[in-house]
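Asker: give me a model of this one.
(one chain, ligands or ions: 2)
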Amino acid sequence: MDNGAARTAQPVIVAIDGPSGTGKSSTSKAVAAQLGLSYLDTGAQYRAITWWMVTNGIDIDDPTAIAAVAGKPEIVSGTDPAQPTITVDGVDVSGPIRTQEVTAKVSAVSAVPEVRARITELQRSLAAAAENGIVVEGRDIGTTVLPDADLKIFLTASAEARAARRSGELKGSDLHSTREALIKRDAADSSRKTSPLAKADDAVEVDTTDLTLPQVIECVVTLVEEKRAGK
Ligand SMILES: Nc1ncnc2c1ncn2[C@@H]1O[C@H](COP(=O)(O)OP(=O)(O)O)[C@@H](O)[C@H]1O
Ligand SMILES: Nc1ccn([C@H]2C[C@H](O)[C@@H](COP(=O)(O)OP(=O)(O)O)O2)c(=O)n1
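Answerer: Ligands and ions are numbered 1, 2, ... in the order given. Sure, this is the predicted structure:
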């Protein structure tokens with residue numbers, strides 16, 4: 001019986017995938033905040049496990065060595081879009097996971113199946129625990145992690161636009177080397193055997209090259225609201 005209390009909407013699961021610099025993090029955070037949903041940056045989790053491997057002297061070129069210790073670090077993600085957090089064994093690593101060293105090594109670490117199995121399990125349990133629903137962003141969310149997501153978005157943008165956005169963030173970096181590094185990482189992420197970066201067949205593709213960030217956010221919010229209305 002309806003006792004007059006506000007009826008809560010069904011939890012909604014939104015998967016946002018795409019290559020680097022397409023606007024996944026900024027869009028996902030804003031959409032989640034606007035709609036009262038949780039938010040998960042899965043790239044931060046792969047960066048966190050990479051940071052742990054580097055800090056503990058694990059040979060990044062040795063997938064067997066990485067696999068052997070993949071279960072060791074305890075990675076905890078806070079899913080409030082206003083203040084996303086990430087810790088490894090209780091240490092706040094939100095700064096250290098963004099260094100160029102971690103960025104250069106994350107594709108090799110995240111290609112190891114044992115790493116993916118571990119992180120995927122964490123992602124699924126966080127999504128299941130999100131009371132109002134969640135926006136999860138990454139590379140394989142729509143294809144592998146949450147194939148039953150209510151809405152799947154695949155963001156794209158030209159390499160030029162993505163490199164310009166990234167070098168705007170990294171002070172002192174030059175556009176050419178940022179573009180090359182970004183293309184190399186996308187190629188590695190797209191060609192790995194285990195759950196590569198890919199668009200799910202039922203994902204809505206949004207090309208953000210000529211859109212402002214507020215336009216992309218509005219587009220995704222509208223798609224979520226349409227989904228919710230149709231439920
Ligand atoms: N549509 C857009 N137009 C201009 N800049 C954008 C747009 N979307 C994102 N950005 C900027 O580009 C940078 C990378 O965005 P981010 O959300 O981190 O991308 P991703 O998570 O896909 O790597 C950020 O500085 C962000 O503010
Ligand atoms: N679901 C995911 C998310 C990220 N990864 C890997 C591959 C990416 O190059 C790294 C870093 O991801 P992140 O989203 O932080 O990358 P950006 O620099 O923001 O583009 O993690 C992944 O393999 N699967």
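Asker: dihedrals phi and psi, the residue positioned nearest the centre of the chain?
Answerer: In the chain, the centroid-proximal residue (Cα atoms, centre = their mean) is Gly138; its distance is 2.8 Å. Here is the backbone geometry of Gly138 (degrees, to the nearest 10): phi 180, psi -130.
Asker: near ligand 1, anything from the lowest-mean-pLDDT helix or strand in the chain?
Answerer: Lowest mean confidence among the helices and strands of the chain (mean pLDDT, DSSP states H and E): helix 159-169, at a mean of 89. Yes - Helix 159-169 reaches ligand 1 (Cβ under 6 Å from any ligand atom) through 165, 168-169. In short, each C-beta sits where N, CA and C put it, glycine included.
Asker: how about stretch 183-198?
Answerer: No - residues of stretch 183-198 are not located near ligand 1 by Cβ under 6 Å from any ligand atom, the shortest gap being 10.2 Å.
Asker: compute the first-to-last residue distance for that stretch.
Answerer: Distance between the boundary residues of stretch 183-198 (Cα to Cα, to the nearest Å) amounts to 15 Å.
Asker: which residues in the protein form helices?
Answerer: All helices of the chain, identified by DSSP state H, fall at 24-35, 42-55, 63-69, 100-110, 113-129, 159-169, 175-191, 213-229.
Asker: in stretch 148-157, what's buried?
Answerer: Neighbour-count burial for stretch 148-157 flags 149-157 (criterion: 16 or more other Cβ atoms under 10 Å).
Asker: same check on stretch 44-61?
Answerer: Buried residues in stretch 44-61, counted by 16+ other Cβ under 10 Å: 44-54, 58, 60.
Asker: equivalent analysis for stretch 21-31, please.
Answerer: Those would be 21-25, 27-31, for stretch 21-31 by 16+ other Cβ under 10 Å.
Asker: hang on, the earlier thing: got TSV for the residues of helix 159-169 next to ligand 1, with neighbour count too?
Answerer: Compiled in TSV, these are given as follows (neighbours: other Cβ atoms under 10 Å):
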residue	neighbour count
Arg165	19
Gly168	12
Glu169	10
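Asker: follow-up on the earlier one: which of the buried residues of stretch 148-157 sit farthest apart?
Answerer: The distance between the two most remote of the buried residues of stretch 148-157 (Cβ to Cβ) is 24.2 Å, for Asp150 and Ala157.
Asker: what does this structure put close to ligand 2?
Answerer: Selection of the chain residues close to ligand 2 by Cβ under 6 Å from any ligand atom yields 20-21, 25, 42-44, 46-47, 106-107, 110, 138-141, 185, 189.
Asker: below-threshold pLDDT in this structure: ranges please.
Answerer: Along the chain, segments meeting pLDDT under 70 span 1-9, 170-172, 231.
Asker: can we see that at 80?
Answerer: Judged by pLDDT under 80, the chain has its weakly predicted residues at 1-10, 168-173, 231.
Asker: spell out which residues of it are next to ligand 1.
Answerer: Applying Cβ under 6 Å from any ligand atom, one finds that the chain approaches ligand 1 through 18, 20-26, 165, 168-169, 208, 211-213, 216.
Asker: and those residues, which two are the farthest apart?
Answerer: For the residues of the chain next to ligand 1, and using Cβ to Cβ, no pair is farther apart than Ser20 and Thr212, which are 19.0 Å apart.
Asker: and Ala149, how close does it get to Glu205?
Answerer: Ala149 is 15 Å from Glu205, where distance means Cβ to Cβ, to the nearest Å.
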